[in-house]
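> Here is the input, now give the coordinates:
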Amino acid sequence: MLLLLWLGGCATLPQGVQRQPSSAIPAATDTLLGRIAAESQPDEELTGIRLLPTGPYALDTRLALLRHAQRSVDLQYYVLQNDETGRVLLRAVRDAALRGVRVRLLLDDLYTAETDALLSALSAHPGIEIRLFNPFPAGREGLVNRFLASAADFRRVNRRMHNKLFIVDGAMAVLGGRNIADEYFMRHAQANFVDLDAFVTGALLPQLQQAFDDYWNSQAVYPLHAIVPPDAPAAELRRQFDAAVADAPAPPPPPATDVLGYGPISDEIESGRLGLVWAFATAYADPPDRIKGQGASYGNVPLEDVQSVRYSVVDMMRGARREVIVTSPYLIPGEHGMKLFADQRARGVQFKLLTNSLASTDEPLVHLGYRKYRRDLLKMGVDLYELSPLRVKRNSRLGFLMPSLGRLHAKTVVVDRQRVFIGSMNFDPRSDKHNTELGMFIDSPDIAREMLRLVDLDKLQAAYRVQLKADGQTLQWLANDEEGEISVEHEPDTDWLMRLWLELLAPLAPEELL
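Down below sits the predicted model:
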């Protein structure tokens, strides 16, 4: 391993790369989406919002926006897989570019090993530009090879862009927790995510466009061709792309209504009028070029990282008077988070936390970090729920189209049934110190009410409640099913081998890297 690090750990980024700066195109009423957005908006200071809790609706909304794009498409994602969903979406992106739409696609470079060739072929189309955040200059055939080749630059490549943003014609957008892959849209055969996006239009769009531009024009971002040089003429690359996406099956139409009782956004766009919840909202994105967690200090005492999404979420939670409800797939409070919970509990604020169980998480090492705090959270009076993959599987209302396991991926906070956060940020050290994040803050009892309906659906029908037994030390997991209340005294839905494996991994999982 040391020899490999020495031989391959000095890969460097290309020098003198030209980045042509560009800016978002504002919404205008001479596009269909711009006209619908303007005619639907009751007040120029308000943002229209529709929660997208089910995968079929979230994918249908994105494809509908791409079909109707006339001027610009700006996409920013942490993951875009070369699977059926990724190919269907990129095919729609290509079709928009063929109509003359300007496309800017910005991806984090951590998980692009299997999409390099597809992205290179897509970028050969006129009107499409693709850029990579914090790219790996060598070892691109796999994740391990990438880190080995950039071992001397680990501090940089460990910092990833976790943002998720989808903007069309400067008029309508989707943001939230979903990446672009089958499992985020209920299309994976083995396991799918319970996730959440929001469709937005109105006053928030210029903020989202500015956030995208800040990343697009950042020095941390490189054009795809500077990292993955084309290996064939443009015409041949376009032919390769067309062949790769030709057979990707289009998703079936979404159900008539989702779990909140709404019909598809695509139908409303066709009708020319949007029925949304209108509210005051703002968006924050972590600055792309600043190293998080290493801000200014005063007298050797670090000042709070006030430019971060994390700070804004914590500040909202500090302002709670009665209740805070959090969903986070990866929950590691850390010292500062535990102090926040303790201080607010001392003021009488109730906390309800919903996260993944060991059986449902796709990151078992993160579960190791979380479980260290579980008993102390319960002792402070926090209500703690863990999603059960098997119970999600049986709950058809969550939008599962096939008998796959369910995993939580939504990142939300509801404060005092009034203020709501929806975004990409997990409540863990990686989101705090290493990732960049994006989030939306909404002041609306109506959106808060819908959020709580979704949380109740998850925690009452698809999760275990974790409690302490009378001895104050032993954990138990409680749930209700058709046969009444059930109680488990070990990690539910797991076998002894999984639990043993977790214990063996425990010494290898320092919290600061999770």
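
> mind listing the strands for the stretch 251-400 of the chain?
277-285, 297-298, 301-302, 323-327, 350-356, 383-387 (DSSP state E, counting those that start in this stretch).

> any chance of those strands in TSV, with distance to R449 and mean neighbour count too?
C-beta coordinates here come from the backbone N, C-alpha and C atoms, glycine included. Shown next, in TSV, are these (distance: least, C-beta to C-beta, whole Å; neighbours: other C-beta atoms under 10 Å):
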stretch	distance to R449	mean neighbour count
strand 277-285	10	20
strand 297-298	42	8
strand 301-302	38	8
strand 323-327	12	23
strand 350-356	15	22
strand 383-387	19	24
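
> In CSV: those strands, plus mean pLDDT and distance to D495.
CSV is the format used below for the strands of the stretch 251-400 of the chain (pLDDT from 0 to 100; distance: least, C-beta to C-beta, whole Å):
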stretch, mean pLDDT, distance to D495
strand 277-285, 97, 42
strand 297-298, 44, 48
strand 301-302, 44, 44
strand 323-327, 97, 27
strand 350-356, 96, 17
strand 383-387, 95, 17
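
> Which one, of those, ends up nearest to S444?
Closest approach to S444 among the strands of the stretch 251-400 of the chain (C-beta to C-beta): strand 277-285, 3.5 Å.

> Distance from that closest one to the middle of the chain?
Per C-alpha atoms, centre = their mean, to the nearest Å, the displacement of strand 277-285 from the mean C-alpha position of its chain is 17 Å.

> Just the CA coordinates for it, please, in PDB.
Below are the C-alpha coordinates for strand 277-285, written out as PDB (Å, rounded to 0.1, in the frame of the first residue of the first chain):
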ATOM      1  CA  VAL A 277     -48.200  26.700  -1.700                       C
ATOM      2  CA  TRP A 278     -46.900  30.200  -1.800                       C
ATOM      3  CA  ALA A 279     -44.600  31.400   1.000                       C
ATOM      4  CA  PHE A 280     -41.600  33.400   2.000                       C
ATOM      5  CA  ALA A 281     -38.400  31.300   1.300                       C
ATOM      6  CA  THR A 282     -34.700  31.700   1.100                       C
ATOM      7  CA  ALA A 283     -31.800  29.500  -0.100                       C
ATOM      8  CA  TYR A 284     -28.300  29.100   1.100                       C
ATOM      9  CA  ALA A 285     -25.300  27.300  -0.500                       C
END
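
> Give me the helices and strands touching it, please.
Using 3 or more C-beta pairs under 8 Å, 6 or more residues apart in numbering; DSSP states H and E, the elements in contact with strand 277-285 are strand 47-52, helix 205-216, helix 309-318, strand 438-443, helix 445-461.

> name the helices or strands packed onto the last one?
Helices and strands touching helix 445-461, as assessed by 3+ C-beta pairs under 8 Å, 6+ apart, comprise strand 47-52, strand 277-285, strand 323-327, strand 350-356, strand 383-387, strand 412-415, strand 419-423.

> mean confidence score for that helix?
Helix 445-461 shows a mean pLDDT of 89.

> what residue lies at the spatial centre of this structure?
Centroid check for the chain by C-alpha atoms, centre = their mean gives G177 as the closest residue, at 2.7 Å.

> how many other residues sit next to E511?
Number of residues near E511 (other C-beta atoms under 10 Å) recorded here: 17.

> ditto for A244
By the criterion of other C-beta under 10 Å, A244 has 17 neighbours.

> distance of it from L59?
19 Å (C-beta to C-beta, to the nearest Å).

> quick one: low-confidence parts of this protein?
1-10, 290-305, 393-404, 482-483, 509, 512-514 (pLDDT under 70).

> Please parse it into its domains.
47-263, 282-287+308-513 (automatic domain parsing).

> Angles on the backbone of L80, please.
The phi/psi pair for L80 (degrees, to the nearest 10) reads phi -140, psi 110.

> So what sits opposite it in the bridge?
Counting by DSSP bridges, L80 forms beta bridges with I180.

> That one: how many residues sit nearby?
Applying other C-beta under 10 Å, we find 22 residues neighbouring L80.

> Contact partners for it?
Neighbouring residues of L80 by C-beta atoms under 8 Å, 6 or more residues apart in numbering: G86, L89, L90, L107, T112, T115, N179, I180, A181.

> name the helices or strands packed onto the helix or strand hosting the third one?
Under the assignment given by DSSP states H and E, the secondary-structure element containing L90 is helix 84-98. For helix 84-98, the contact count by 3+ C-beta pairs under 8 Å, 6+ apart identifies helix 55-68, strand 72-77, strand 102-108, helix 116-122, strand 128-133, helix 234-245 as packing neighbours.

> And the fourth one, what does it pack against?
Using 3+ C-beta pairs under 8 Å, 6+ apart as the contact test, the elements touching helix 116-122 are helix 84-98, strand 102-108, strand 128-133, helix 224-227, helix 234-245.

> Of the ones you listed, give the one that comes closest to A211.
Closest approach to A211 among the helices and strands packed on helix 116-122 (C-beta to C-beta): strand 102-108, 11.1 Å.

> what is the orientation angle of that closest one with helix 205-216?
60 degrees (axes from the mean of the first three to the mean of the last three C-alpha atoms, to 10 degrees).

> Q210 reaches D74, doesn't it?
No: here Q210 does not reach D74: they are 11.2 Å apart, not a contact under C-beta atoms under 8 Å.

> quick one: common contacting residues for these two?
With C-beta under 8 Å, 6+ apart as the test, Q210 and D74 both reach A24.

> Among those two, which residue is more densely surrounded?
Shown here are Q210 and D74; by other C-beta under 10 Å, D74 has more neighbours (25 against 13).

> Name all residues that make contact with the more buried one.
The contact partners of D74, taken as C-beta under 8 Å, 6+ apart, are A24, R104, L106, L165, F166, I167, V168, Q209, F212, W216.

> which one of the residues you listed is nearest A11?
Relative to A11, the closest of these is L106; by C-beta to C-beta it sits at 22.0 Å.

> Residues in a beta bridge with that closest one, which ones?
In this entry, L106 is beta-bridged to Q76, R131, by DSSP bridges.

> ok, it touching V73?
No: here L106 does not reach V73: they are 11.4 Å apart, not a contact under C-beta under 8 Å.

> ok, A211 - contacts?
Applying C-beta under 8 Å, 6+ apart to A211 gives the contacts N163, L165, A283, A285, L438.

> of all these, which two lie farthest apart?
Greatest spatial distance among the contacts of A211 (C-beta to C-beta): N163 and A283, at 10.7 Å.

> In space, what's closest to A479 - neighbours in sequence excluded?
Y464 (4.8 Å; C-beta to C-beta, 6 or more residues apart in numbering).

> For that neighbour, grab the count of nearby residues.
When counting by other C-beta under 10 Å, one arrives at 24 neighbours for Y464.

> So what does it look like in phi/psi?
Torsion angles, degrees, to the nearest 10, at Y464: phi -100, psi 140.

> and if you look at the one 3 residues further on?
With angles defined as degrees, to the nearest 10, Q467 shows backbone torsions of phi -140, psi 160.

> before we move on, what about A191?
When read as degrees, to the nearest 10, the backbone of A191 gives phi -150, psi 140.
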